[in-house]
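Enquirer: Take this sequence and fold it.
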Amino acid sequence: MNRVPLLVTVISRNSEDTFSIGRIIGESLNAGDIVALSGDLGTGKTYLTKGIARGLGVSEQYQITSPTYTLINEYPGRLTLYHFDLYRLDTFLDMINLGYEEYLFGKGVSVIEWAEKASDILPDETIFISLTYLDENRRKMVISGNDERLLIISNAFKNGGY
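Expert: Numbering: from 1, shown residues only. Coordinates of the predicted model:
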């Protein structure tokens, strides 16, 4: 019998919603979780990551920015956030040269923007979030991957009003 994968779909009405959705996700994450973000420019990947950071307990003193030129930023919190931006990478081989294993398989949480560039090296337990531009303000987020974590996130969304 084929198993139907669990999908969670959320609509963000604006950037504040995107941040709140990220915070709920961040509060639901555990050490070793990997969140892979994909979507066109302007779909809210960095806003979502800012919310995830706050949900992980990263202090407001840290401004969460996309590490486009440094490729990875690290932020301390309840769990350390490793924030990757793969926009400038050509292939997943570039990721291998970064020594990604110590981050992805460490004790923190990894959030990867432009994760489709590294899909070949991401583990099966990865949480995938695809962001789609609906209009000037609204974004659709489809979350898939680790069923156990998705159930937790889905329940957290319901409790948070989404």
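
Enquirer: wait, doesn't Leu151 sit right on Leu6?
Expert: Yes: counting by Cβ atoms under 8 Å, Leu151 touches Leu6, with 7.2 Å between them. Backbone N, C-alpha and C define where each C-beta goes, glycine included.

Enquirer: Which parts of the protein are helices?
Expert: With DSSP state H as the criterion, the chain has helices at 15-27, 45-55, 92-97, 101-104, 147-160.

Enquirer: for the shortest one, packing partners?
Expert: In terms of contacts (3 or more Cβ pairs under 8 Å, 6 or more residues apart in numbering; DSSP states H and E), helix 101-104 is packed against strand 81-85.

Enquirer: quick revisit: worst average pLDDT in the helices of the chain?
Expert: Lowest mean pLDDT within those: helix 92-97, a mean of 64.

Enquirer: which sections of this structure are below the confidence cut-off?
Expert: Residue ranges of the chain with pLDDT under 70: 1-5, 67-69, 90-100, 103, 161-162.

Enquirer: Report the central residue of it.
Expert: Nearest residue to the geometric centre of the chain (Cα atoms, centre = their mean): Val35, 3.8 Å.

Enquirer: Please identify which of the helices of the chain is closest to Glu113.
Expert: helix 45-55 (4.6 Å; Cβ to Cβ).

Enquirer: Alright, that wraps it up for me.
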